[in-house]
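Trainee: sequence plus predicted model, see below.
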Amino acid sequence: MKRVILLLAVMVIIGMSSVHAKYGLSTDLQPEGYKYPGEKGGYPNEVAEKNVTFNFEQDVQGSGYFMTYRYAKAGALAFKDYVHGSGSIDNEFVMFTQELDKNTHPIDADWVDENVSCISVKEDNVMVYSPYQFAIGAGYYAVNPLVFDSLLKEKTWIKNYRAGTSMHHEVEYAHGIDKELEVLAKEKYFHQYDPVYEGVGYTQMKINEHVDNGKVHFGVLQASSDYTANAAVPAYPGTALTSSALSDIRAYKNPAIEIDEDYFGTYDITKNMTLNVPYKLTQKSEDWLPCCSGGWADIPAGLKKGFGSSAEGIFDCSCLAKARAGMYGPTDVNPPFKAWA
């Protein structure tokens, strides 16, 4: 009996090692020379975490020619802002980004992988167009100064690849812009090896602006639901569980939401656009031996077949009577305890 139980335990350990050997830390969390659990030199308990944050603040006032370009990427999020023109500018800009990647892989519990990212932007921008002359040095360009005569342009977009969401705002050929902007994008990926899959993509853009004699464009695109939450294929590229919904051209053919607006002239515009795309899939399976809830008796009959006909005797203890009968005879089923030591 001891040998049977010992052999069974060894089989379980070998089975666990073979499964864990196929998985390990996420690629971006693996140190140089990393060994997977189950490999020689690998570790059965692993916890790895990387947390990258960036904070940017600025306040600019002046006149002349100006051009700014700002781009940020965090996880499955991307933000871009571009401005140019000649005249005067009074700009306050704040941006914060965070990307957290964490793997928790204990030997005695379900593994958990999670990624959380965020991009937050706030801007208050006032620009007034006017030509500007700029003299350089003491030679030709001191007598013939450079002339910058550029109408105002500002372009802002936020993309959430987890959710398949894109929001775009652009002003160009304007004589004046007075704008307040807020952008917030968040995405989360959670995978518990039970398994539980969860993906959340949240995107918001708020705009309150006055545009003087220019062109204004707004665009919103939400990818087809087939590429943002597919319960049948939870790991398919382009679902809420991955980060490529906006990279797959098929997601654009039948978008869930499409907005395209253009305004020419002088306008006061207020916009509040929010898209939230949550996704969760839970798939539960019976534990190999749910001892705490009744043991072998509670395992569904269909799953018992996978252990073979000899397994039932181990868990309902009928093999004990057979072993005793074989060792002590059919009538002596209660031998002294020391005989089993």
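Mentor: Done, it's in. Numbers count the residues shown, from 1 in each chain.
Trainee: next, the buried residues of stretch 177-196.
Mentor: For stretch 177-196, a neighbour-count test (16 or more other CB atoms under 10 Å) marks 177-181, 183-192 as buried. (Each C-beta comes from the backbone N, C-alpha and C, glycine too.)
Trainee: equivalent analysis for stretch 42-61, please.
Mentor: Under 16+ other CB under 10 Å, the buried positions of stretch 42-61 are E46, A48.
Trainee: and the contacts of that stretch?
Mentor: 20-21, 24-26, 28-29, 35-37, 70, 72, 74, 89-107 (CB atoms under 8 Å, 6 or more residues apart in numbering).
Trainee: re the thing from before, farthest-apart pair in the buried residues of stretch 177-196, please.
Mentor: Maximum pairwise distance among the buried residues of stretch 177-196 (CB to CB): 48.3 Å, between D178 and Q192.
Trainee: what's the first helix or strand after the host helix or strand of T156?
Mentor: In the assignment (DSSP states H and E), T156 maps to strand 152-160. Downstream of strand 152-160, the first helix or strand assigned by DSSP H and E is strand 165-174.
Trainee: send the alpha carbons of stretch 129-149 over as PDB?
Mentor: C-alpha atoms of stretch 129-149 as PDB (Å, rounded to 0.1, in the frame of the first residue of the first chain):
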ATOM      1  CA  TYR A 129      -2.000  83.300 -35.300                       C
ATOM      2  CA  SER A 130       0.200  86.100 -36.600                       C
ATOM      3  CA  PRO A 131       3.200  86.300 -39.000                       C
ATOM      4  CA  TYR A 132       6.500  86.500 -37.300                       C
ATOM      5  CA  GLN A 133       9.900  87.900 -38.500                       C
ATOM      6  CA  PHE A 134      13.100  86.500 -37.100                       C
ATOM      7  CA  ALA A 135      16.400  88.200 -37.700                       C
ATOM      8  CA  ILE A 136      19.500  86.000 -37.500                       C
ATOM      9  CA  GLY A 137      23.100  87.100 -36.900                       C
ATOM     10  CA  ALA A 138      24.700  90.200 -38.300                       C
ATOM     11  CA  GLY A 139      24.800  89.300 -42.000                       C
ATOM     12  CA  TYR A 140      22.300  88.800 -44.700                       C
ATOM     13  CA  TYR A 141      19.500  87.500 -42.500                       C
ATOM     14  CA  ALA A 142      19.900  90.400 -40.100                       C
ATOM     15  CA  VAL A 143      18.900  92.700 -43.000                       C
ATOM     16  CA  ASN A 144      16.500  90.100 -44.600                       C
ATOM     17  CA  PRO A 145      14.900  88.400 -41.600                       C
ATOM     18  CA  LEU A 146      13.100  85.000 -41.900                       C
ATOM     19  CA  VAL A 147       9.400  85.300 -42.000                       C
ATOM     20  CA  PHE A 148       7.200  82.600 -40.400                       C
ATOM     21  CA  ASP A 149       3.700  82.700 -41.700                       C
END
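Trainee: which residues does K153 contact?
Mentor: Counting by CB under 8 Å, 6+ apart, K153 has contacts Y82, V83, H84, G85, E170, V171, E172, Y173, A174.
Trainee: wait, D28
Mentor: Neighbour list for D28: K50, D101 [criterion: CB under 8 Å, 6+ apart].
Trainee: tell me the spacing between the residue lying closest to S130 once chain neighbours are set aside and N213.
Mentor: Distances taken as CB to CB, 6 or more residues apart in numbering place G87 nearest to S130, at 4.2 Å, with adjacent residues excluded. The gap separating G87 from N213 is 13 Å, by CB to CB, to the nearest Å.
Trainee: which parts of this structure are strands?
Mentor: Using DSSP state E, the strands of the chain run over 46-74, 77-105, 112-129, 132-134, 146-148, 152-160, 165-174, 176-192, 196-222, 257-282.
Trainee: Y140 is nearest to which of these?
Mentor: With CB to CB as the criterion, Y140 lies closest to strand 146-148 of the strands of the chain, at 10.6 Å.
Trainee: sheet partners, orientation included, of the closest one?
Mentor: Neighbouring strands of strand 146-148 in its sheet, by DSSP bridges, are strand 132-134 (antiparallel).
Trainee: average pLDDT across the strand it pairs with?
Mentor: For strand 132-134, mean pLDDT rounds to 88.
Trainee: may I see the buried residues of it?
Mentor: Buried residues in strand 132-134 (16+ other CB under 10 Å): Y132.
Trainee: can you list the low-confidence ranges for the stretch 101-250 of the chain?
Mentor: 225-250 (pLDDT under 70).
Trainee: could I have the CA atoms of stretch 98-118 written out in CSV?
Mentor: Extracted as CSV, the C-alpha positions of stretch 98-118 are listed here (Å, rounded to 0.1, in the frame of the first residue of the first chain):
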residue,chain,number,x,y,z
GLN,A,98,2.3,53.9,-16.1
GLU,A,99,3.0,50.4,-17.2
LEU,A,100,2.9,47.6,-14.6
ASP,A,101,3.8,44.0,-15.5
LYS,A,102,3.6,41.3,-12.7
ASN,A,103,3.9,37.5,-12.7
THR,A,104,3.1,35.5,-9.6
HIS,A,105,4.0,31.8,-10.0
PRO,A,106,3.9,29.9,-6.7
ILE,A,107,4.3,26.1,-6.6
ASP,A,108,1.3,25.5,-4.4
ALA,A,109,-1.4,27.8,-6.0
ASP,A,110,-2.7,29.0,-9.3
TRP,A,111,-0.3,31.2,-11.3
VAL,A,112,-1.4,34.8,-12.0
ASP,A,113,-0.2,37.1,-14.8
GLU,A,114,-1.4,40.7,-14.9
ASN,A,115,-0.6,43.8,-16.9
VAL,A,116,-2.0,47.2,-16.1
SER,A,117,-1.3,50.4,-18.1
CYS,A,118,-2.5,54.0,-18.0
